[in-house]
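1. Sequence first, then the predicted structure:
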Amino acid sequence: MLTGDRGRSSRLGLGALLAGVLFAAAFVVLAAAVILVPANGTAHRSAGDLAASSQGASMAASPGSPSGVPTQDSAQASASIPGASIPGTSIPGASISTAPGPGSSMATASFADIGLDGAASESPVARTITFEQQGPGSVSLSLAEVASGTVEICLGQGPDGQQGSRCQTSGGGLMEATTDTTGPTIWTATLIGTSSQVSPVDVTVAFPSAAPRLSIAGFRFQGTEFGPYNGVDVTLRTSVAGSSVVQASWDAVRPFSMTVVEEAGAQVDQITAEDQAVTREVPVSPGSAYRFRLQNAVEVDDEALFLSATFTWP
């Protein structure tokens, strides 16, 4: 009995030992598994964080990167932002247009030594300049500084200049007017001395027109001894090649002379005759200026004569 019990006890102790060993082994494996899972998970998260951190660092660094090379994302962002083009290619206000309406250029006519009637004249007559503007824009009359005396300049629309007329009295200055009309607009300017004596004046007229047309009236035609009171001295500036036409008349048959000189000094046309009117057509070059002088060839004319003329030029 004692021998059998001792054998069973031995077998039970061996089984318990084996069970303990197996339990210990299982615990070790389980512990290893618990340790490995967090380790693998932590490593995975670190890789994602590095990728995200790398992407964020690239986006943050690209605008101010030393290389100056933007990433594709930042380049696309710049392309979609209005005004992100190269600076300096579009400067607001860098081009201020004072040009006349479509199809028109700025015509200019410069008058030299216009003798004006003053307040002391028995029957003062204003000098009249009429011109046609084509399209919208501004017109101007520039009166050079008057050596002595004062001048009244009036400017208005229509053949008589009464529509919207404005007047100013000065010893020199600029008068301007503007219209939004798309068609032709006729302007009329008058000049007369307001002091008892007034020195001859220089006046420049500027107006938008592709085919300039300008007329004068009330210009005295008193003979060579009267200088500024003898006809007209006007310089016309051309825009394109073509012909300039002058049509002039005066109150009685008289000997007269007319010359046309290009700004470089070449004489383009000359006529001396005796008549009460003259018409001349002169070929002109683009971008040049031509001086027209028409005078009464009589030395002193005792009759009060007045000249009217119309000039057209390209």
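-> Received the coordinates, thanks.
2. And the helices in the stretch 51-200 of the chain?
-> In the stretch 51-200 of the chain, helices defined by DSSP state H, counting those that start in this stretch lie at 72-79, listed in chain order.
3. Make sure I have this right: Asp202 is in a strand.
-> Yes. When classified by DSSP: H, G, I helix; E, B strand; the rest coil, Asp202 is found to be part of a strand.
4. Just list the residues touching the residue nearest to it when sequence neighbours are not counted, thanks.
-> Distances taken as Cβ to Cβ, 6 or more residues apart in numbering place Ala144 nearest to Asp202, at 4.0 Å, with adjacent residues excluded. To be clear about C-beta, it is placed using only N, CA and C from the backbone, and glycine gets the same treatment. Neighbouring residues of Ala144 by Cβ atoms under 8 Å, 6 or more residues apart in numbering: Gly172, Val201, Asp202, Val203, Thr204.
5. what about 7 Å?
-> Ala144 is in contact with Gly172, Val201, Asp202, counting by Cβ atoms under 7 Å, 6 or more residues apart in numbering.
6. Put the buried members of those residues into a ChimeraX selection.
-> Filtering the contacts of Ala144 down to the buried ones (16 or more other Cβ atoms under 10 Å) takes a single ChimeraX command:
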select :201,202
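7. any idea how far the residue nearest to Asp202 is from Ile114?
-> Distance of Ala144 to Ile114, computed by Cβ to Cβ, to the nearest Å: 10 Å.
8. Could you name every residue contacting both of these two?
-> Shared contacts of Ala144 and Ile114 (Cβ under 7 Å, 6+ apart): Val201.
9. any idea how far Ser244 is from Val234?
-> 11 Å.
10. what about Pro159, distance to Arg127?
-> Pro159 sits 16 Å away from Arg127, taking Cβ to Cβ as the criterion.
11. Settle it for me: which of those two has more neighbours?
-> Comparing Pro159 with Arg127 by other Cβ atoms under 10 Å, the one with more neighbours is Arg127, at 24 against 12.
12. Let me see the contact set for that one.
-> Contacts of Arg127 were listed using Cβ under 7 Å, 6+ apart, and they are Ile114, Leu116, Thr190, Leu191, Gly218, Phe219.
13. which ones among these are found in strands?
-> Among the contacts of Arg127, the residues falling in strands (DSSP state E) are Ile114, Thr190, Leu191, Gly218, Phe219.
14. contacting residues for Val234?
-> Counting by Cβ under 7 Å, 6+ apart, Val234 touches Ala109, Ser110, Phe111, Phe292.
15. Quick check: strands, which of those are part of them?
-> Counting by DSSP E, the contacts of Val234 place Ala109, Ser110, Phe111, Phe292 in strands.
16. one step back: who wins for most neighbours among the contacts of Val234?
-> Phe292 (25 neighbours).
17. OK, contacts around that one?
-> By Cβ under 7 Å, 6+ apart, the neighbours of Phe292 are Val234, Leu236, Val246, Val260.
18. Please apply the same query to Ser196.
-> Ser196 makes contact with Gly118, Ala119, Ala120, according to Cβ under 7 Å, 6+ apart.
19. Apply 10 Å and report the result again.
-> Counting by Cβ atoms under 10 Å, 6 or more residues apart in numbering, Ser196 touches Gly118, Ala119, Ala120, Ser121, Gly149.
20. Give the closest residue to Val146 in space, chain neighbours not counted.
-> With sequence-adjacent residues excluded and distances taken as Cβ to Cβ, 6+ apart, Val146 is closest to Gly171, at 4.4 Å.
21. tally of neighbours for the one you found?
-> Around Gly171 there are 17 residues (other Cβ under 10 Å).
22. For it, list the residues it contacts.
-> Residues near Gly171 by Cβ under 10 Å, 6+ apart: 143-151, 195, 198-199, 201.
23. Now the two most distant members of the residues you listed.
-> Largest separation among the contacts of Gly171 by Cβ to Cβ: Ala144 and Ser195, giving 16.7 Å.
24. which intervals of the stretch 101-250 of the chain have sub-threshold pLDDT?
-> 101-104 (pLDDT under 70).
25. how about a cut-off of 90?
-> 101-105, 119-120, 122, 160-162, 164, 196-197 (pLDDT under 90).
26. And the strands in it?
-> Ranges of strands within the stretch 101-250 of the chain are 105-114, 127-134, 137-143, 151-157, 163-170, 173-179, 184-193, 201-209, 213-220, 232-237, 242-262, based on DSSP state E, counting those that start in this stretch.
27. Gly161 touches Ala217, doesn't it?
-> No. Counting by Cβ atoms under 10 Å, Ala217 is not a contact partner of Gly161; they are 11.3 Å apart.
28. Please say which of the two ends up with more neighbours.
-> Legend: neighbour count by other Cβ under 10 Å for Gly161 and Ala217, higher for Gly161 (22 against 17).
29. OK, contacts around that one?
-> Contacts of Gly161 by Cβ under 10 Å, 6+ apart are Ala126, Thr128, Ile129, Thr130, Cys154, Leu155, Cys167, Ile186, Trp187, Thr188, Ala189, Thr190.
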